[in-house]
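A.B. asks: next come a sequence and a model predicted from it.
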Amino acid sequence: MLSAWLDFQRATLALKCAGLSDDQLRQQAVPPSRLSLLGLVRHMAEVERVWFRPVLAGEEMSGLWSAGGELDPEPAFADAGTADAAAAFAAWRDECEHATRLAAAAVSLDVAGMRGGMRFSLRWVMVHMIEEYARHNGHADLLRERIDGATGQ
């Protein structure tokens, strides 16, 4: 059930971005916010990366967009105005696929690993990811409506 809900949330973000030009994906919300659909895609690529890889594969946390691999969420949004949309979507899809493979290989939802000095179970990560997507998909709803009036799932 958790995998199905996470897949649904991932698909919802993809749907919110479907059919838009790169310029539309880069359109920001209302100043001073830097929120954009492309920024959300970049952010969620990092969120997938920094939760599944450390907890399930024992990898160090590292960002995709931050200088020197540091973990900083701001560049995902701040640099979205000039970012390569195709590269951002490819990175997001790659991280989602990698996370799905890691989760599928776990013997149970109780498998746990370390992240930032704390121990988390796969169950906790899955619930957190569903919550993270749901929150940002609400942002995506508003952004998409502002861009072209599209609403709904």
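C.D. replies: Done, it's in.
A.B. asks: mind checking which residue lies nearest the centre of the chain?
C.D. replies: By Cα atoms, centre = their mean, the chain has its centre lying nearest to Met44, at 1.2 Å.
A.B. asks: need the three-state assignment for that residue.
C.D. replies: Assigned by DSSP: H, G, I helix; E, B strand; the rest coil, the conformation of Met44 is helix.
A.B. asks: residue contacts, it?
C.D. replies: Under the criterion of Cβ atoms under 8 Å, 6 or more residues apart in numbering, the contact list for Met44 reads 13, 92, 132-133, 136. Using the backbone N, CA and C atoms, a C-beta is placed for each residue, glycine as well.
A.B. asks: in CSV, list those residues along with distance to Leu38 and secondary structure.
C.D. replies: CSV is the format used below for the contacts of Met44 (distance: Cβ to Cβ, whole Å; DSSP: H, G, I helix; E, B strand; the rest coil):
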residue, distance to Leu38, secondary structure
Leu13, 11, helix
Trp92, 10, helix
Glu132, 17, helix
Tyr133, 16, helix
His136, 12, helix
